[in-house]
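Participant: Predicted coordinates and the sequence they were generated for:
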Amino acid sequence: MDRRSFLSATVTAGLASTAGCLGYTVVREEQLDTLQERAGEAEELEVVVADKEDRIEELETELDAVESQLEEKQRELEEVRSTHAETVEGLEELESEIDELQRTKSDLEDRLATLEPEADIPDHEIETAIEAALELRNSVVLIVANGSVGTGFYVDGRDYLTAEHVIGGATETTFLESKSGETTEYTARRADDRIDTQVLSAEMDLEDALEFGTIDDVSPGDTLFSVGHPYNVGDWVCSVGTFEGEEEETDLDELYRATVPGRRGTSGSPVFDLDGRVIGMEVVGLTRDDLYHAPEQLFTNFAAYEPDGGFVSIDTIEERLL
């Protein structure tokens, strides 16, 4: 190879080598630029992520606050519901108490109507009746038969009188109770349903039998009194009224009327004159069938058969049964 050719080849090789280095340098710079761009993007992303994390924290804080408020409101709602329920319950209790008070008021009015004597009866006669009743009531008994209460009184020996409908057909436990609290069972003996009267036999430690008078000793307008157990009023209660006379229309063979209040529980009560003598026995003017087949309101509103109490005379009772 001549010198010219060698130099030409050398120059060509050198240029080629230089061109290769320059090409590598250009590529390297482009890669660096790319990396720098990506690094910048990464920094921007990190900023965005940081912003989002901050926002998430803010939202979580807001959520916690909202949840706390919600819980508080729910508690307030439960308190309101509880208060409302208590208020409703309180109103229902008040209504129930008002109803009970109204029933009590009505009951007291009924008791007062039963116990109050007529306005035209002299005070001294009322006092006489009450004083006598306090003594005579020791010979009056309370009768329990078939779950109901009636009245009876001691007449002699082992004999007691009561209204026949009080114990008629009794199938459950029956007994007498005295004012002192002594109780004993009894045996039903003679009866006459035409005067609604029953004689009972019982062993009870009562000292004094009641003294009999006669219906002929009283006149219309005379003060009479009874001792009995009026329903929903009390036991051994003295009721005062006036004698009216004989009833013309009755299912019984005999019936006298007085303004002595008669109601459930007083059947069988002795009716006294002011001398404390028995002149009759209260039957309220109802026959046994009337009582057994009477409508329910008879026992819830006895006023339909008041104020007059009906009784049979001790004269007729003594003649037929004693």
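Facilitator: Nice, thanks for sending it over. Bear in mind the structure is a predicted one, so any value in this text is a computation, not a measurement.
Participant: wait, what's in contact with the closest residue to Arg190 other than its chain neighbours?
Facilitator: Nearest non-adjacent residue to Arg190, counting by CB to CB, 6 or more residues apart in numbering: Val199, 4.5 Å away. Where C-beta positions appear, they are placed from N, C-alpha and C, glycine not excepted. Going by CB atoms under 8 Å, 6 or more residues apart in numbering, Val199 touches Asp159, Tyr160, Leu161, Ala188, Arg189, Arg190, Ala191, Leu321, Leu322.
Participant: tell me which of those residues is nearest to Leu142?
Facilitator: For the contacts of Val199, the closest approach to Leu142 (CB to CB) belongs to Tyr160, at 11.3 Å.
Participant: tell me the secondary structure for the closest one?
Facilitator: Classification of Tyr160 using DSSP: H, G, I helix; E, B strand; the rest coil returns strand.
Participant: which parts of the helix or strand hosting the residue nearest to Arg190 are buried?
Facilitator: Using DSSP states H and E, Val199 sits within strand 197-202. For strand 197-202, the neighbour count (16 or more other CB atoms under 10 Å) marks Thr197, Gln198, Val199, Leu200, Ala202 as buried.
Participant: What strands line up against that strand, and which way round?
Facilitator: strand 159-163 (antiparallel), strand 186-192 (antiparallel) (DSSP bridges).
Participant: okay, now Phe212: neighbour count?
Facilitator: Using other CB atoms under 10 Å, Phe212 has 17 other residues around it.
Participant: what pairs with it across the strands?
Facilitator: Assessed by DSSP bridges, Phe212 has beta-bridge partners Val278.
Participant: pretty sure it is in contact with Thr316, am I right?
Facilitator: No: if you go by CB atoms under 8 Å, Phe212 and Thr316 don't touch, sitting 11.8 Å apart.
Participant: thinking again about what came up before, could you identify which of the strands paired with strand 197-202 is most buried?
Facilitator: strand 159-163 (a mean of 25; mean count of other CB atoms under 10 Å).
Participant: Just the CA trace of the helix or strand following it, in CSV.
Facilitator: Per DSSP H and E, strand 159-163 leads on to helix 164-167 as the next helix or strand towards the C-terminus. C-alpha atoms of helix 164-167 as CSV (Å, rounded to 0.1, in the frame of the first residue of the first chain):
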residue,chain,number,x,y,z
GLU,A,164,-134.5,-17.5,101.2
HIS,A,165,-132.9,-16.2,97.9
VAL,A,166,-129.6,-15.5,99.8
ILE,A,167,-128.7,-19.1,100.1
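Participant: give me every residue that touches the closest residue to Leu255 other than its chain neighbours.
Facilitator: Computed as CB to CB, 6+ apart, the closest residue to Leu255 that is not its neighbour in sequence is Glu247, at 4.2 Å. Counting by CB under 8 Å, 6+ apart, Glu247 touches Leu255, Tyr256, Arg257, Gly285, Gly310.
Participant: Give me the distance between Glu247 and Ser313.
Facilitator: To Ser313, Glu247 is 12 Å away according to CB to CB, to the nearest Å.
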